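[1] sequence first, then the predicted structure, then my questions.
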Amino acid sequence: MNIADRIEGVQFGLINIADTMTGPQIGLVNIRPDSRVFVDAWTDETGLSHLGLNYGSPGWYNMIELAGRGQDSKRFALGVGFGGRLPSKRLILSTDISALLVGDPDRLDQAEKSNPGSDTLTADHKDAINGLFRARATVGWHLWSRLAVFGGASWNILAVPEGGHGSRLLRPYESYHWDANKHVRMWPGVFLGIRI
């Protein structure tokens, strides 16, 4: 936990509090007088629907994100990110990076059924979780003070755990991706959403 009256530089920790600050706060809870908090909802090229909390100073922000698919798939993603933005009341212009865990409960159930009572992680267990690393560039516009539309482009790297069967839990529509090996998949993406 970091608490300061006045700081110039970076606050890095789980909880960051400052009365006056120049620079970014990187953590799960960031409190400062000029904080901005938004709720973002968007969809992307993989068919995931995302809901995120975007919070931070006018120039820097953190994200907490949850994503899921429709009824035909129980796949989900949960992650955190950090980015910088142009301080503006109307224009949204930002870049960020994030890391997400992508999971498939159906695969996890199948792993449990095929290995009942086992305390060790099998290849089937490892296939139920992937890591997604994403870089985004976002542009948008505030239609009113709290309502905005945004979209942009992303670069995505899906990492499959070593020791699994190499099952990849995500791919973009039309399968325009590059599999570097059986554990790494990459692709460019697009997204579109609203901010409140």
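    In hand now; what should we look at?
[2] quick one, phi/psi of Gln110?
    Dihedral pair for Gln110: phi -60, psi -40, per degrees, to the nearest 10.
[3] mind showing which ranges of this structure have poor pLDDT?
    Residues of the chain meeting the criterion pLDDT under 70: 71, 117-119.
[4] which residues in it form helices?
    105-114, 123-127 (DSSP state H).
[5] which residues are contacting the first one?
    The set of residues that contact helix 105-114 without belonging to it, under Cβ atoms under 8 Å, 6 or more residues apart in numbering, is 74, 76, 122, 124-125, 127-128, 167, 169. The way it works is simple: take the backbone N, C-alpha and C, and place the C-beta from them, glycine included.
[6] could you redo the last one with a cut-off of 7 Å?
    74, 122, 124-125, 127-128 (Cβ atoms under 7 Å, 6 or more residues apart in numbering).
[7] just to revisit the earlier point, quick one, which of the helices of the chain is nearest to Val139?
    helix 105-114 (34.7 Å; Cβ to Cβ).
[8] what sits against Met1?
    Counted by Cβ under 7 Å, 6+ apart, Met1 has contacts 13-15.
[9] save the residues you listed as CSV, and put in distance to Met21 too.
    Below are those laid out as CSV (distance: Cβ to Cβ, whole Å):
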residue, distance to Met21
Gly13, 13
Leu14, 17
Ile15, 14
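[10] narrow those to those in strands?
    Mapping these onto strands (DSSP state E) picks out Ile15.
[11] now distance to Ala67 and neighbour count too, for the contacts of Met1, in a markdown table please.
    Listed next are the contacts of Met1 as a markdown table, based on distance: Cβ to Cβ, whole Å; neighbours: other Cβ atoms under 10 Å:
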| residue | distance to Ala67 | neighbour count |
| --- | --- | --- |
| Gly13 | 26 | 15 |
| Leu14 | 23 | 9 |
| Ile15 | 25 | 14 |
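[12] I am finished for the moment; much appreciated.
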